[in-house]
Structure formats: structure tokens, C-alpha cells
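**Student:** fold the following.
(chains A and B)
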Number of protein chains: 2
Amino acid sequence: MIIMYNRVTNQLLDKIISIVGNNEVIIDERIKEYAHDMTEDYNFPPEVVVKPQNTSQISEILKLANEEKIPVTPIGARTGLSGGMLCVYGGIGLSLEKLNQIIEIDNDNLQATVEPGVITQFLQNEVEKLGLYYPPDPSSKGSCFIGGNVAENAGGLHAVKYGTTKDYILNLEVVLPNGEIIQTGANTLKNSTGYHLTQLLVGSEGTLGIITKITLKLIPLPKYRLLLKANFTSPYDACKAVSQIFQNNVLPSALEFMEKDAIDFGQKYLHSLIEDTQNIGAQLLIEVDGNHLDNLYQDIEKIYEVLLKFNLLGEPILADTYEKQEEIWKLRRCLGHAVKGTTIYKEEDTVVPRAKLADLLAFVKNIGKEYGFQSVCYGHAGDGNLHVNIIKNDLDDKTWKETIPFYAIPKIFEFTKKLGGTISGEHGIGWVQKNYMPIMFNKTHLDLFKGIKRLFDPNHILNPGKILPN
Amino acid sequence: MIIMYNRVTNQLLDKIISIVGNNEVIIDERIKEYAHDMTEDYNFPPEVVVKPQNTSQISEILKLANEEKIPVTPIGARTGLSGGMLCVYGGIGLSLEKLNQIIEIDNDNLQATVEPGVITQFLQNEVEKLGLYYPPDPSSKGSCFIGGNVAENAGGLHAVKYGTTKDYILNLEVVLPNGEIIQTGANTLKNSTGYHLTQLLVGSEGTLGIITKITLKLIPLPKYRLLLKANFTSPYDACKAVSQIFQNNVLPSALEFMEKDAIDFGQKYLHSLIEDTQNIGAQLLIEVDGNHLDNLYQDIEKIYEVLLKFNLLGEPILADTYEKQEEIWKLRRCLGHAVKGTTIYKEEDTVVPRAKLADLLAFVKNIGKEYGFQSVCYGHAGDGNLHVNIIKNDLDDKTWKETIPFYAIPKIFEFTKKLGGTISGEHGIGWVQKNYMPIMFNKTHLDLFKGIKRLFDPNHILNPGKILPN
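**Tutor:** Below is the predicted model:
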């Protein structure tokens, strides 16, 4: 279907200004900042950036846009990795940055209600002061918005034990494309009252409604954390160790994998030689948390038992203080920027059942050989979530723009599916992965997706061009 | 909308027999068994009961029914509490009892794939043999089907720590009303690939598709459990203690509430005087679980600290063996049957943020006084989930059939909503609660529900008459 959208006219602009005020509308060069997120090198500016300050302003803007058939793309902190906020049809870029209040931290019920523009780490810090914990923590937690986390169903380091964003969302206030406002659920831990619109909206990437309030579940903050770093000579051994750790009855709070090339990229980016990577195949970072330190040391012992079955490079290193742990995490957390900042690349967000990780990695490396590309792999191994970064290096443009996306990547995704996996674990589909959706889903299934989109947004004004294949 | 369905003709019956075989079609008096579940005293027989043995038979039956506009109602173990399986328009009762295989327990990935007719406790026992745990355990776990649990998003005793059925479902094979088959997700712990049809199907009460395979997440089985029983003089004190236990940094694996009248009903049903209830206001059952017994005793100490702030009746009793614990749980587990078996009643499945439980209970009791009914309340207090049983006793028929359902119950539900709660925590809406849905949801929201139903099932053949209000 080809949709003919209208352009933002001066007349419409006047109406928008009358809703949000002059200061909250951007049409000058500052608009460039709103043309991209962290996804590769895409750039699609909106015609106008609008920064509403509350739900009712958003409702009015959507009513207007819906009547006039103007695309509206919600914009968060622009840290996304699938191009979910790219204004590919121009229109209104609806920035949620002014809705940035923690409305309530309800210590009696271990819940918080927040606006979508709250920075994830800010929320985490605030609830920590009360001894509470909001676990989802994507690598961008220091700058990303909680609303974006909900839209993409973000994961992060601690999803392996604590689950992803969807597991913490109890209730949402949502403005539908026609301007009407609904509550998707209730502020309760359980809910069997009709179809789960809350869970349908989580991960819907801003295509079904604008999320304006989020009620989320909190849990007690675990008191202690221990972090173990182990270097393997073989990356496949590292992958195999992952599922064995769980089988030895340990549930780590984080379990991260970095292959040699990822460590190299990270060290170069940090200008810091932490590891001599010459003989390293891969590194695992394994964290346990809880309220009883002696039990955590028992868990570490059990993890050791597993590690010692493999060829390790040197002794595993235990970080038992926050400072030592942060020192180790620094390398892992910088990898996204390290790859993005130093090369042209494409990032795939494959996820498989965790015991299949070695198979996936081997397949990616073989495809790399076949098509002549370097890949840099790292990710949340405990979840089976492998971020595959395909590096351009000196590949010619035709290979980069045609062979890789049309032949190599589909093969990786087909194999991912064959292993029981899927093509996005936590980044979302957005703009960059949408044309791979037919690998995962048959026509019947895609038609259901399209039907859901049409039901919520019959004029297709909301974040058009995302999720659904062309 | 009034839908004119066709009746099951002899010709159609022949076609059905040609699909599933003569032995799997019931049209004689055995059909009576399929006319009801555990919901109050409702009886709606299907015209024919069909017991397909695999997905492709289900696909063929649905194609047929869809073409001929015959209602199809999926039937599980008939333990439901909202009338989800009542064949209110006759038609085909599609029993899933022959799809009863555990297809795989995947110890490497801590997953299992099962058919919908597997009894929940059977699955739990099988995975326990491997040191694994599938937590959702409704009171009917010894007879209910896992497919029904998915359809209703069942909870149970351990939801407070471990979540409800939705938190364990990774992927579903679903036959759509037109006979087409989809996989809703992937066998992965994380998934940000398109709209979450898995989560939309969970809790959809058999109105969107027939679930034929379920891939679920397993976790390591905790080694130890301790159970504490405490009698309170005031039921409101018992409710207040609930949220204070969490605030004292304990996450119980179960936290159950029974008011005096519930205990009385249970003891009468069991012909056993376990408690002298004369001065009891309510009882709390508080369980903790984990792998380190010493820590569990520390948790019990912390719970004690909270309990001692209230007026208790006697010392709390600690059950530290499986046998002693089962002895205590027996009374709690029989309550559904105890109420159902001895009286005419209506059961409401209210749920609120847990710190609001005392407010909800007080309101229910006041409404009881106002309308002259006895209520028997118990439930999963840790979740804020209160089962309110309204007892007929000697109320006249007009009061029972009009005043209570049209005036008293709506007031309870309106108050529940006002507290941030909702009208079903784990039983579903089904047949008995559907006309209360406008209390929870505005027209826009209900229209979305209707649109989702129409998208999946344009001929409205699947489980008609459920969830959506008349």
C-alpha cells in the first residue's frame, strides 16, 4: 500500500504552536539533531519537531495530524538501534523530552508511575534510594528514555535473571492516533481482564499509540553483587559454558559474551590495554546478585566448576567491589559506541535458545568467510542474544549495499529461525529490519500485524514505515 | 451485533467424523459432562463434542466450521471459574483432551514444549524430576489443563514471587478460525520482533485461536520451603500486614489470606476442626522458598517482626516439612470446592495494588451489609487478589438475580477500579463477567477489543459470547 501523506503547512504550524506554544516547536537547523538515532548512519529529519508538555497536548496534536494525514513519529532519547524514530516520511517529530517526571514511587505497593521521557538510569537511581530496583538496563541506560525502552521492549545486562521491560510494565496511558486516551490495564501484578493491550503496546515501537504514562513494577534491591571475568581460548567453548552454568543450578544476574574482535574494538575505543587479546577467543562476564554474600560465593564456586572444564586463558578474575566491577563493565558497555564510532557497520540483534549460541556463532563466522566480511560479535549470552556487527572494512559498495543485505544477512536470519530463535531480541525491528520480517512470519501472520496496525491507526499516521515490510 | 449461527447438521457431522474418526465424536448423553465447568451452576451443552488428536485435524474442523458459520468452543479440563468453555451458542465443543503430550523437556535451554491437554501438575512433576520448576499453580492444578491456564492467564499460590502463566509462555502454535496455523513467537527468552501475538493470545480465553502447542520457560527448582501460619483477630490487620512484609524486604513465594468465614467453610467441607475460629478474624499463610535454608529462617524472622506488630491469636506456627505444609495448604486449596459444594454463590476475582487490600475488604463488607448478603473472602493477598464469594443463603430470587448482579457487584467493581485494580486477576472474564467490562474500559477501548476479535475471527465462530459485553 502506498500512502500519500500531506506536508506540514504554515497553517498547520500555527495550529500546533497554539497548542504547545512557540518555544516547543522547532523548524530551524536544530531539527538536524532529531534526524537520527544510534542506528548505523541513517538520517531522516522531520518537517517539524514538536515538544508537547502533557497528555492533552499530545491528544490535540494527534487529532490534528490524523485529520490532515500528517505522519507523526514519536521521538525519545534517540538511542535506538533499529531506526524506530527515523522520520522516514517527514511530518511531525513528536519529542517526548518534556514529559520527564517521575509522578510517583509507591513504596507501599512497589510500583512507580513515570512519564515516558524519564531517563532509565535516573529512575533506577531514585528507586535505589528507597532500597528498590528497576532491573531493565540497556547499555544506553544513562541517556535512553523509559518510554523508548517500553516501545522497543528493551532488555539489557540483567534480563537473563530479571526479564525484559515487558515484565515490569503493569499499565500504560496511551494516546491513540485519533487523539483518544486509554489506560491499557490496571496497577496490579495480575490481570486477566480482556485482551492484554498493555503487552500489545510494549514493543509496538510507537506505531499503535503514544505512551504518555507508565506504571511499572519494582522489586527489592539485591544487596550484593559479584562479578567473574573469564577468558577462553575458543569462543565456542565460551558459548558452551553458558548453558552449563545454568545447568549447574546457578541463575546469574548477568552473563555477557565478547569475542576477541569485540574486546579489540573496545580497547581501541577506550585507548586502554586491559587484555592482551593475542590468544583470547572470547571473554565471559558472569555476575551473581542476592542478599546473602556467602551464597553468592557458593554460586561463584559452582560457576568455577563449569569454567574449569574448558580451556581458559589464565585464572578467572573475581571483582568483589563496585569499583572493580565497573572497571570491567566499562569495556562491555562501550562496545556499541566503539563499533559505531570507528567503522561503517550493520548490526543484527539475533537471539536463540541459549544452548544454540555456539551453533549461531559458527554459522555467522562461516557466512563471513563465504561473503568476505569481518563480524564482531558480543551480547547477552545468558539470554541467547548475540549482537552481530558486520564491518564494512574494504568491501566494495555493491557488496555492502546489495550482497550483504540481500544474501548474507537473510541466511543468518534463516538459520537463527531454524535454531528456534528470532531476528530481534531487544532492539526492535523499526526501519532497518522490517524487510526481513517475512523470514520470521508467514503471510497470515503478517496480515494479522497489518490488521492490528490498521485497527489502531486507520490513517497510518503513527510512525509510518516501521515494523511492517514494504 | 446479533449473529445467526447455523446448527450442526448430520451432513456436517459426517464430515467431522471423516476428520477425527467415529470414536472422537460425542452426540449422546455423555455430552452433559461437557456442558459446564466449575463456574457457579451454569449449563450450556454443545451440539456435538469433538476430540481431535492433532493440529491438522483442528485446522480442518475450524475451516469447516468457519465456512458453515458454526460456533466452536474450545474445552479444556472444565475447571474454569468464569464460564470460558460454556457453549452458550451450542455448536461444536472442541475438547483438547487428546492433545495431552509433553513433546519435549529441553534441559539445555530450560524450556518445555507441551500440548494444551497436559495437566498442569503432571507437567510440574515431570520437570521436577530434572530439578526444574514450572511455577504457575492454580488451585485446580491436579486436574486443569495447561492450555486452559494459558487461555485464562491463570495465576495461583506462587504468582506473588514467580508471576502468572503469561510470564512463562515463550511461543505458541495457534490454529486461527480460518484453519491457518501460526507460531506466535520464538523459543527465546527475549523477543522484540513485531507485535507480541504470544502475549495477546495468552488470556484471550479461546476467542482468537485454538492453542495447539505451548513452549514455556522453566526455572531451577528451589530446594527448600518454609510455611508460616498466623491467625489475626482482625481481618484488616491481616491485610495490612501483607504489604509490610514486602516492605521489610521479604519476597514470599506465597502469601495467602482467608477470613474467618472461609476457614469455617473449609473445615466444614473437610469435616475437620483444624482451628477454633471463634476469635479469628483472618489467617495468613506465608511461604518462603530458596536454596539456602539458613536464609529462609532469616526471612521467617523478618516476617515475624512484622506479624508481632499486630494482634495475633496465639503464636504463628512454622511448618518446616512437606507433610506439615501440605496439611496447612489442604484447607486453603479446598476453599473453591467448599464454597461451591455447599451453597449457591457468585464468585468475583477482584485484584488491587496489595496495600489497598484492607480498603477493598472493608468496602465489600459494607456493601454486604447494605444489600444483606454474606461474603466469604480469601485469596492471593500477596498479589492483591481477593476472591469475593457472595453467598445466596436465604436471599430472595429477585435480590439474587437482579439486585446483587446489577447493583451490588458493580459497586464492588467500581471501587476496585478506583483503587487502581481490576475485575479479574486470574479467572478471566468469560461468560459471567463480560457485562461488567464497561466498568473497566471506555467505549474506545472496548472497540479495540472488538476490532481485535474481528481481525482474528471475522465470522465470530470461536467461543462466541465471551469477554465482550452484549
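**Student:** I'd say A:I102 and A:V118 touch.
**Tutor:** Yes. Taking Cβ atoms under 8 Å as the definition, A:I102 is a contact partner of A:V118 at 5.9 Å. Every residue, glycine included, has its C-beta placed from N, CA and C.
**Student:** who's more crowded, those two?
**Tutor:** A:V118 (22 against 15; other Cβ atoms under 10 Å in any protein chain shown).
**Student:** what is the burial count for the nearest residue to the more buried one once chain neighbours are set aside?
**Tutor:** In space, and not counting its chain neighbours, A:V118 is closest to A:I146: 4.9 Å by Cβ to Cβ, 6 or more residues apart in numbering or on different chains. Applying other Cβ under 10 Å, we find 34 residues neighbouring A:I146.
**Student:** check what pLDDT A:I146 gets.
**Tutor:** Note for A:I146: predicted pLDDT of 98.
**Student:** wait, A:A408 sits on A:S375?
**Tutor:** No. Here A:A408 does not reach A:S375: they are 9.8 Å apart, not a contact under Cβ under 8 Å.
**Student:** need the overlap of contacts for the two.
**Tutor:** Jointly contacting A:A408 and A:S375 under the rule Cβ atoms under 8 Å, 6 or more residues apart in numbering or on different chains are A:I390.
**Student:** off-centre distance for the host helix or strand of A:I211?
**Tutor:** Using DSSP states H and E, A:I211 sits within strand A:210-217. Distance of strand A:210-217 from the chain centroid (Cα atoms, centre = their mean, to the nearest Å) equals 17 Å.
**Student:** could you do stretch A:296-306 as well?
**Tutor:** With Cα atoms, centre = their mean, you get 30 Å for stretch A:296-306.
**Student:** residues from the stretch 201-350 of chain A in reach of chain B?
**Tutor:** A:202-204, A:208, A:219-220, A:243, A:246-247, A:249, A:251, A:291-292, A:295, A:349 (Cβ under 8 Å from any Cβ of the partner chain).
**Student:** contacts for the strand holding A:I211?
**Tutor:** By Cβ under 8 Å, 6+ apart, the residues outside strand A:210-217 that reach it are A:54-55, A:58, A:62, A:72, A:74, A:94, A:96, A:99, A:103, A:110-116, A:134, A:146-147, A:150-151, A:167-175, A:181, A:187, A:189, A:201, A:462.
**Student:** I'd like the mean pLDDT over it, please.
**Tutor:** 98.
**Student:** which parts of that strand are buried?
**Tutor:** A:I210, A:I211, A:T212, A:K213, A:I214, A:T215, A:L216, A:K217 (16 or more other Cβ atoms under 10 Å in any protein chain shown).
**Student:** now do stretch A:313-327
**Tutor:** So stretch A:313-327, judged by 16+ other Cβ under 10 Å, has buried residues A:L313, A:P316, A:L318, A:A319, A:Q325.
**Student:** pull the residues that contact it.
**Tutor:** Counting by Cβ under 8 Å, 6+ apart, stretch A:313-327 makes contact with A:225-233, A:279-280, A:287, A:300, A:304, A:307, A:328, all of which sit outside it.
**Student:** for the lowest-mean-pLDDT helix or strand in chain A, packing partners?
**Tutor:** Within chain A, no helix or strand scores below helix A:335-342, which has a mean of 89 by mean pLDDT, DSSP states H and E. With contacts taken as 3 or more Cβ pairs under 8 Å, 6 or more residues apart in numbering or on different chains; DSSP states H and E, helix A:335-342 sits against helix A:260-270.
**Student:** export only the CA atoms of the helix it packs on, formatted as PDB.
**Tutor:** C-alpha atoms of helix A:260-270 as PDB (Å, rounded to 0.1, in the frame of the first residue of the first chain):
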ATOM      1  CA  LYS A 260      38.300 -11.300  20.700                       C
ATOM      2  CA  ASP A 261      37.500  -8.700  18.000                       C
ATOM      3  CA  ALA A 262      34.900  -7.000  20.200                       C
ATOM      4  CA  ILE A 263      37.500  -6.700  23.000                       C
ATOM      5  CA  ASP A 264      39.900  -5.200  20.500                       C
ATOM      6  CA  PHE A 265      37.400  -2.700  19.300                       C
ATOM      7  CA  GLY A 266      36.600  -1.700  22.900                       C
ATOM      8  CA  GLN A 267      40.200  -1.300  23.900                       C
ATOM      9  CA  LYS A 268      41.000   0.800  20.900                       C
ATOM     10  CA  TYR A 269      37.900   3.000  21.700                       C
ATOM     11  CA  LEU A 270      39.000   3.400  25.400                       C
END
